[in-house]
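**Q** with the sequence up front, the predicted model follows.
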Amino acid sequence: MVNFIIPENIAISESGFLFLAGTGETFTLNQIGKEIFNLIRSKSSEEEIINSIVNDYDIDKATAHKDFADFISQLKHYSILKEA
Amino acid sequence: MKIAVTGLNATDNPGPGVPVIRSLKMAKDFQGSIIGLAYDSLDPGIYMEGLVEKAYIIPYPSGGLEPLLERIKLIHEKEKLDLIIPTLDSELYGFVKLQPKLNQMGIKLFLPTLEQLNIRAKDNLFKFCEDNQIKVPKNFLVSSLHDLYLLSSKIKYPAVVKGIFYEAYIVNNFEEAEHSFNKLSAKWGYPIIIQEYLKGDEFNVVGLGDGTGRTVGAVPMRKLYITDKGKGWAGITIDDKTIIDLSKKIIEKTKWKSGLELEYIKSSETGEYFLLEINPRFPAWVYLAPSAGQNMPYALVKLAYGESVETFSSFKVGTIFVRSSWDLISDIKTFEQIAAIGEISI
């Protein structure tokens, strides 16, 4: 299982607006993106996050895994997330 | 306290005069009046309500220092100026040379030295950076087409062709380099700088040095919106210790005295900062600094008065400026006063 780290100087508002204080970049996360981001920040494991998504949304586990992997890949691309 | 400030050209290529004045007026304990020194009777700063108490037209330093000095003498007789803050690159050499005479008249200035101005000149910056282990794009100085031909095998494209004072073009082959060389040399003279092109994002820092090597303040900013003239039209303060430490190093090594703007590019390949330019005055976005907690223009005034100024230790990250266009309405009498008489009380 891969653990993820969110750099300290990244702020997220209640609406899901992300601010990377080190570079001045901003991003907007949708509702589920915000939930996943906050779960990662609260140190939830990948499995816990997938279970949370499957419980809260109308989605099967395999699709949730795939979408989660895509989302993580985007966050890493923009330096919002690093692997521990 | 009567302070004269130049650079009231708040146009699409704005001078820093208006934001410097706004910064001074923002300081809670600032008690003084501001005199605007303008080069053009249509400089927008003249027409901004409540900005300057009085405005005077002054001659361009390129027309000779004597007429400029005579004009300042005349203004000084009327206004009893305590301090002049020149804010434009093009007038700094002139004011540095006039400094002893202006000081004799009782007018203070807080300017970089000629040596400091020369260090940051585009043709000297590369050596300064190399000597001080500061990363800078590789560059060649070219003084003739013959030199350019000799360099043709060494230049990797795309490359940047820069004029000695202003303007730069990205070129993709030798023919484009030759074309830009001719254009820039005809306009700005020699040498022309052929610079390595680096891919990355641009970051700027506004800073203030007290002349001893100490950085009084430094606020980094990322441009959020850039005009087709390359001017930042919106920007945000960022939290990056690396760029602040690098800026402090430059101020320390140059013992910089006065305000300055440092322009960097952060390589998208390596994440390292490369110094592009040192601009020897506050930038036109300097009002962002006091808005984020570091009133550097006011600190400069205190330094000019010989007062001790504490080092700013923090600023508010995520402070944004958005520049705007705003039509100022005036009347023919006002315009006549400044255009024909050369001075106006606001």
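**A** Looks like it came in fine.
**Q** hey, which helix is longest across chain A?
**A** Of all the segments assigned as helix in chain A under DSSP state H, the longest by residue count is helix A:61-77.
**Q** looking at the stretch 151-300 of chain B, which residue is nearest chain A?
**A** Going by C-beta to the nearest C-beta, chain A is nearest to residue B:222 of the stretch 151-300 of chain B, at 3.3 Å. (Each C-beta comes from the backbone N, C-alpha and C, glycine too.)
**Q** can you tell me the SS state at that residue?
**A** Put simply, residue B:222 is strand when judged by DSSP: H, G, I helix; E, B strand; the rest coil.
**Q** what's the burial count for residue B:168?
**A** Burial measure for residue B:168: 17 neighbouring residues, criterion other C-beta atoms under 10 Å in any protein chain shown.
**Q** partners of it in the sheet?
**A** With DSSP bridges applied, residue B:168 shows beta-bridge pairing to residue B:162.
**Q** does the closest residue to residue B:320 other than its chain neighbours belong to a helix, a strand or coil?
**A** If the residues on either side of it in the chain are set aside, residue B:320 comes closest to residue B:236, at 4.8 Å by C-beta to C-beta, 6 or more residues apart in numbering or on different chains. For residue B:236, the secondary structure call by three-state DSSP comes out as strand.
**Q** can you show me the helices along chain A?
**A** According to DSSP H, chain A carries its helices in the segments A:31-41, A:46-56, A:61-77.
**Q** output the below-cut-off pLDDT ranges for the chain.
**A** Picked chain A for this. Under the criterion of pLDDT under 70, the regions of chain A flagged as low confidence span A:1-2.
**Q** actually, chain B is the one I wanted.
**A** Answering for chain B: no residues sit below the bar, that is pLDDT under 70.
**Q** which SSE is residue B:328 in?
**A** With the criterion set as DSSP states H and E, no secondary-structure element contains residue B:328; it sits in neither a helix nor a strand.
**Q** look up phi and psi at the residue in chain A that chain B sits nearest to.
**A** With C-beta to the nearest C-beta, the shortest gap between chain A and chain B falls at residue A:24, namely 3.3 Å. In terms of degrees, to the nearest 10, the main-chain angles of residue A:24 are phi 80, psi 10.
**Q** so it sits right up against residue B:224, yeah?
**A** Yes - at 7.0 Å, residue A:24 and residue B:224 qualify as touching, with contact defined as C-beta atoms under 8 Å.
**Q** against residue A:9, how distant is the residue of chain A closest to chain B?
**A** Plainly put, residue A:24 is 11 Å away from residue A:9 if you go by C-beta to C-beta, to the nearest Å.
**Q** neighbour count winner among these two?
**A** Applying other C-beta under 10 Å to residue A:24 and residue A:9 shows that residue A:24 carries more neighbours, namely 23 against 15.
**Q** could you find the closest non-adjacent residue to the residue nearest to the spatial centre of chain B?
**A** In chain B, the C-alpha closest to the average C-alpha coordinate belongs to residue B:281, at a distance of 3.7 Å (C-alpha atoms, centre = their mean). Excluding its sequence neighbours, the residue lying closest to residue B:281 (C-beta to C-beta, 6+ apart) is residue B:87, at 5.3 Å.
**Q** isn't the one you found right up against residue B:4?
**A** No - with contact defined as C-beta under 8 Å, residue B:87 does not count as touching residue B:4 (10.7 Å).
**Q** burial count for residue B:137?
**A** Using other C-beta under 10 Å as the criterion, residue B:137 is surrounded by 18 other residues.
**Q** burial check on the nearest residue to it once chain neighbours are set aside, number of neighbours?
**A** Nearest non-adjacent residue to residue B:137, counting by C-beta to C-beta, 6+ apart: residue B:196, 4.1 Å away. Number of residues near residue B:196 (other C-beta under 10 Å) recorded here: 15.
**Q** for residue B:196, name its beta-bridge partners.
**A** Residues in beta-bridge contact with residue B:196 (DSSP bridges): residue B:159.
**Q** now the one 4 residues further on
**A** Applying DSSP bridges to residue B:200 yields these beta-bridge partners: residue B:267.
**Q** contacts only, for it.
**A** Taking C-beta atoms under 8 Å, 6 or more residues apart in numbering or on different chains, we find residue B:200 in contact with B:265-269, B:274.
**Q** what would those look like in TSV with neighbour count?
**A** Listed next are the contacts of residue B:200 as TSV, based on neighbours: other C-beta atoms under 10 Å in any protein chain shown:
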residue	neighbour count
B:265	20
B:266	19
B:267	16
B:268	10
B:269	8
B:274	20
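**Q** before we move on, the earlier item: and the residue of chain A closest to chain B, how close does it get to residue B:323?
**A** Look at residue A:24 and residue B:323: by C-beta to C-beta, they are 16 Å apart.
**Q** what do you get for residue A:56?
**A** With distances taken as C-beta to C-beta, residue A:56 is found 43 Å from residue B:323.
**Q** how many residues are close by residue B:243?
**A** 22.
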